[in-house]
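In: Below is the sequence, then the predicted model.
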Amino acid sequence: PYRTLHNGDKLPLVGLGGCSGIRKKDVISALSTGYRHLDTAQAYVWGYREDEVGDAIVESEVNRDDIFLQSKIHPEDLGYEPTKKAVEISLNRLHVSKIDSMLLHKPRCWEGACSK
C-alpha cells in the first residue's frame, strides 16, 4: 500500500528502517521481497550505514525511481551550509542523485551525541 503525495510521488506505507544492525544483505533481501521505502541516516555511531544502503540499491535489480529513499541529517550538521554539505555527503554515500525525503534526525545536539 502507498499514498500519492501532492507532487505525484508515491510514498510506500511500509518500509525498512536502517538502524540496529541492518546491513547491505538485509536491504537487498527487503528490496527483493517488495519493500520500496528505505529509511537510513547519517548517524553511523547510532548504527546507520548509508553506504551499505546505497550499495544495496546499486546491486539490486530494482529501478531507483521505484524506491522511496529517506535519510536524516545528524544534529551536528544543522544550519544552512553544514546541512547542504551533509546532503551532498549522503548523496555520495547512497550513490544516488536525489533523496526523496531528508529529515532532521534530532533538533539539537546534546552531551555525548555530537563531536563538533
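Out: Nice, I can see it.
In: So which residues of this protein form helices?
Out: 24-32, 50-59, 80-94 (DSSP state H).
In: Return the most buried member of the ones you listed.
Out: helix 50-59 (a mean of 20; mean count of other C-beta atoms under 10 Å). In short, each C-beta sits where N, CA and C put it, glycine included.
In: Show residues contacting that one.
Out: 18, 23-25, 27-28, 31, 38, 40-42, 64, 67, 69, 71, 90, 93-96 (C-beta atoms under 8 Å, 6 or more residues apart in numbering).
In: just to revisit the earlier point, mind putting the helices of the chain into JSON lines with mean pLDDT and distance to residue 110?
Out: Output for these, formatted as JSON lines (pLDDT from 0 to 100; distance: least, C-beta to C-beta, whole Å):
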{"stretch": "helix 24-32", "mean pLDDT": "97", "distance to residue 110": "29"}
{"stretch": "helix 50-59", "mean pLDDT": "96", "distance to residue 110": "22"}
{"stretch": "helix 80-94", "mean pLDDT": "97", "distance to residue 110": "17"}
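In: Distance to residue 14 for these - can I get that in TSV?
Out: Output for the helices of the chain, formatted as TSV (distance: least, C-beta to C-beta, whole Å):
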stretch	distance to residue 14
helix 24-32	10
helix 50-59	17
helix 80-94	20
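In: Out of the ones you listed, flag the one nearest residue 4.
Out: helix 24-32 (21.2 Å; C-beta to C-beta).
In: The top strand by length along the chain pairs with which strands, parallel or anti?
Out: In the chain, assigned by DSSP state E, the strand with the most residues is strand 68-73. Partners of strand 68-73 in the sheet, by DSSP bridges, are strand 37-39 (parallel), strand 101-104 (parallel).
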